[in-house]
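Participant: I'd like to go over a predicted model; first the sequence, then the structure.
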Number of protein chains: 2
Amino acid sequence: MASEFERIARLETIFGPPPPAVSLGIGDDAAVLDAHALSTLGARLVWTVDSCVEDVHFRRELIGWFDLGWKSFMAAASDIAAMGATPLGALCALCLPPGFPEPDVDRIAAGQAAAAAAIGTAVIGGNLSRAREVSLSTTLLGTCSNAPRRDGARPGELLVAAGPIGLAATGLRALLDRSPAPGTERAVDAWRRPIARISDGLLLAQSATAMIDISDGLAQDAAHLARASRVRIDLDPAALVTSELHEVCAQLGLDPLSMALGGGEDYALIATVPVGSSPEGTRVIGRVTEGDGVWLDGRRLAATGFDHFREG
Amino acid sequence: MASEFERIARLETIFGPPPPAVSLGIGDDAAVLDAHALSTLGARLVWTVDSCVEDVHFRRELIGWFDLGWKSFMAAASDIAAMGATPLGALCALCLPPGFPEPDVDRIAAGQAAAAAAIGTAVIGGNLSRAREVSLSTTLLGTCSNAPRRDGARPGELLVAAGPIGLAATGLRALLDRSPAPGTERAVDAWRRPIARISDGLLLAQSATAMIDISDGLAQDAAHLARASRVRIDLDPAALVTSELHEVCAQLGLDPLSMALGGGEDYALIATVPVGSSPEGTRVIGRVTEGDGVWLDGRRLAATGFDHFREG
């Protein structure tokens, strides 16, 4: 087994040099960023942490180590997107069982590095620890000019979405049910290699009164937004099921509307915007009215979200 | 079992209102800080993450949940102290087994909140996840004007220390060997309730050419500093064993010098300073010369650090 020192030296190579605003990256007690440089990037700093735990968020037989590094990174970065922010850098805490193979450590790190690069940022530090199960905690900083919260939605506004909804959970079902059937690759990819929608978040932040990312499922995450804003959200069933989701669900014998409402881990963004302000590339999936809860065809939805491997 | 929503509402009460530079705390996708306010607090932002894992860093029978929250928080905050920084806020990711009692969740959070308050900061967000084992990952931001790195030590300088060295590991040995013997309470407390030495770090940063905190043991952490700075460090054995450490070790039949060299989790700070610049409240424990490695009485020390429950 490599020493922690050797591991850190290898990880430093994999993660590469830190971004410009970072004056000290991997290898000291803490990463150091230039506060003045940050304040020129945006008036606000947003900060999030997210954990990805073995047998809760993933199973080894369903995802490779590179993809796990990618997916766990994007899940955390999605919270930066949901605040309309641009990522500055990330710290990754890796908890790994004794004897975990060094090449697999490098594969996780390569997936994290690739995900970071894909959204224009980098891993600038972290922590290594032993543990019985694999878990990855990723913390990111980002900058933005105004961060849309969850509590700004007002009656009369539209609910818009950027990104697929229900596709990742359908991909996971394909993986759990059988070896991936033809036509499900795109859905499996949505689960294994999600994207934090940074550009969409920046665009949506210009008109959004409230915004959230879909990590636990549309019904549940829309309920968070409705509760925080003290409004009612009426979803449009026709707009929720895309032709892509319809086709994959047909292949697997699943109800696409259920997958769209209950499926998590898409990391799509949903936002409320005034009528006439839907940004290009987004689609209207509902309306904000007075009241409370999330409704579909006149029925109030239970806010039961996606529970990974407990999904029925 | 409480819903995640209920848990978060309780945690929000326990953690209290966010500090002034924080414009949005618990309950949204990410915490939001005012970048301009930060840049007035210090030219640099330091950022760290640390994990505390069951059966690696603690065992349930050795520490209560409140103390675990405290200890894990201080372990992470110690990296902020080692950069000569003042903490701004923290995010805490809690991974807990299904059915983990709600009052114990609150006890962990109360310990984190108390530790944060003790060093003038607060928990402003985090993440909740299921897991097989309890693990806590804590990320902190801090501000400073200049952050002493590990690589600035120069021959001719002194190595100084602030805080007890070897006491926490001796306390852990007391807990592992038997029910705490009389006279070991202070050592047990050093292990269960360590302090991140923020004030000492600020003071040391004024003259330190290099600084690090002792988490893995003096021999190992001094070796990190010597390696990064490309210097040799000669430790003074007479200065390493305080009368307090001597007495507790006598009580337990342990060699105090071994405990001082190999024992971790004290979160003392060590720093190199020019001769004549030792800050008040610190003690000289060694000298920097040309060469490499960490030496004691003419023998080079193996850089074997503290490995928690593997300690021989």
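Facilitator: Alright, I've got the coordinates.
Participant: so where's chain A uncertain?
Facilitator: Residues of chain A meeting the criterion pLDDT under 70: A:1-2, A:178-180, A:303-312.
Participant: what ranges does it have for its strands?
Facilitator: Per DSSP state E, chain A carries strands over the ranges A:22-24, A:31-34, A:44-53, A:86-96, A:123-130, A:135-144, A:158-162, A:210-213, A:232-235, A:269-273, A:283-289, A:293-296, A:299-300.
Participant: these into JSON lines, with extra columns for mean neighbour count and distance to chain B?
Facilitator: Placement of C-beta: from N, CA and C, glycine included. Formatted as JSON lines, the strands of chain A follow (neighbours: other CB atoms under 10 Å in any protein chain shown; distance: least, CB to the nearest CB, whole Å):
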{"stretch": "strand A:22-24", "mean neighbour count": "21", "distance to chain B": "6"}
{"stretch": "strand A:31-34", "mean neighbour count": "24", "distance to chain B": "4"}
{"stretch": "strand A:44-53", "mean neighbour count": "26", "distance to chain B": "4"}
{"stretch": "strand A:86-96", "mean neighbour count": "25", "distance to chain B": "4"}
{"stretch": "strand A:123-130", "mean neighbour count": "22", "distance to chain B": "4"}
{"stretch": "strand A:135-144", "mean neighbour count": "29", "distance to chain B": "4"}
{"stretch": "strand A:158-162", "mean neighbour count": "24", "distance to chain B": "15"}
{"stretch": "strand A:210-213", "mean neighbour count": "27", "distance to chain B": "6"}
{"stretch": "strand A:232-235", "mean neighbour count": "22", "distance to chain B": "17"}
{"stretch": "strand A:269-273", "mean neighbour count": "29", "distance to chain B": "10"}
{"stretch": "strand A:283-289", "mean neighbour count": "19", "distance to chain B": "18"}
{"stretch": "strand A:293-296", "mean neighbour count": "20", "distance to chain B": "14"}
{"stretch": "strand A:299-300", "mean neighbour count": "10", "distance to chain B": "17"}
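Participant: need those strands in JSON lines with distance to B:Asp213, can you?
Facilitator: Converted to JSON lines, those look like this (distance: least, CB to CB, whole Å):
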{"stretch": "strand A:22-24", "distance to B:Asp213": "16"}
{"stretch": "strand A:31-34", "distance to B:Asp213": "15"}
{"stretch": "strand A:44-53", "distance to B:Asp213": "21"}
{"stretch": "strand A:86-96", "distance to B:Asp213": "17"}
{"stretch": "strand A:123-130", "distance to B:Asp213": "14"}
{"stretch": "strand A:135-144", "distance to B:Asp213": "19"}
{"stretch": "strand A:158-162", "distance to B:Asp213": "43"}
{"stretch": "strand A:210-213", "distance to B:Asp213": "36"}
{"stretch": "strand A:232-235", "distance to B:Asp213": "48"}
{"stretch": "strand A:269-273", "distance to B:Asp213": "40"}
{"stretch": "strand A:283-289", "distance to B:Asp213": "50"}
{"stretch": "strand A:293-296", "distance to B:Asp213": "48"}
{"stretch": "strand A:299-300", "distance to B:Asp213": "53"}
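Participant: got the buried residues for stretch A:13-21?
Facilitator: In terms of neighbour count (16 or more other CB atoms under 10 Å in any protein chain shown), stretch A:13-21 has its buried residues at A:Ile14, A:Phe15, A:Pro18, A:Pro19, A:Ala21.
Participant: look up how far A:Ala122 lies from A:Leu140.
Facilitator: 11 Å (CB to CB, to the nearest Å).
Participant: shared neighbours of the two, anything?
Facilitator: A:Gly89, A:Ala90 (CB atoms under 8 Å, 6 or more residues apart in numbering or on different chains).
Participant: spatially nearest residue to A:Asp266, not counting backbone neighbours?
Facilitator: A:Ala168 (4.6 Å; CB to CB, 6 or more residues apart in numbering or on different chains).
Participant: from chain B, how far off is that neighbour?
Facilitator: 18 Å (CB to the nearest CB, to the nearest Å).
Participant: show me the contacts for that residue.
Facilitator: A:Ala187, A:Ala190, A:Trp191, A:Pro194, A:Gly263, A:Gly264, A:Glu265, A:Asp266, A:Tyr267.
Participant: closest one of those to chain B?
Facilitator: Nearest to chain B among the contacts of A:Ala168: A:Tyr267, at 11.2 Å, using CB to the nearest CB.
Participant: number of nearby residues for the closest one?
Facilitator: 24 (other CB atoms under 10 Å in any protein chain shown).
Participant: tell me who's in contact with the residue nearest to it when sequence neighbours are not counted.
Facilitator: Leaving aside its sequence neighbours, A:Tyr267 sits nearest to A:Ser78 (CB to CB, 6+ apart; 4.1 Å). With contacts defined as CB under 8 Å, 6+ apart, A:Ser78 is in contact with A:Pro194, A:Ala196, A:Arg197, A:Asp213, A:Ser215, A:Tyr267.
Participant: I'm done for today, thanks for sticking with me.
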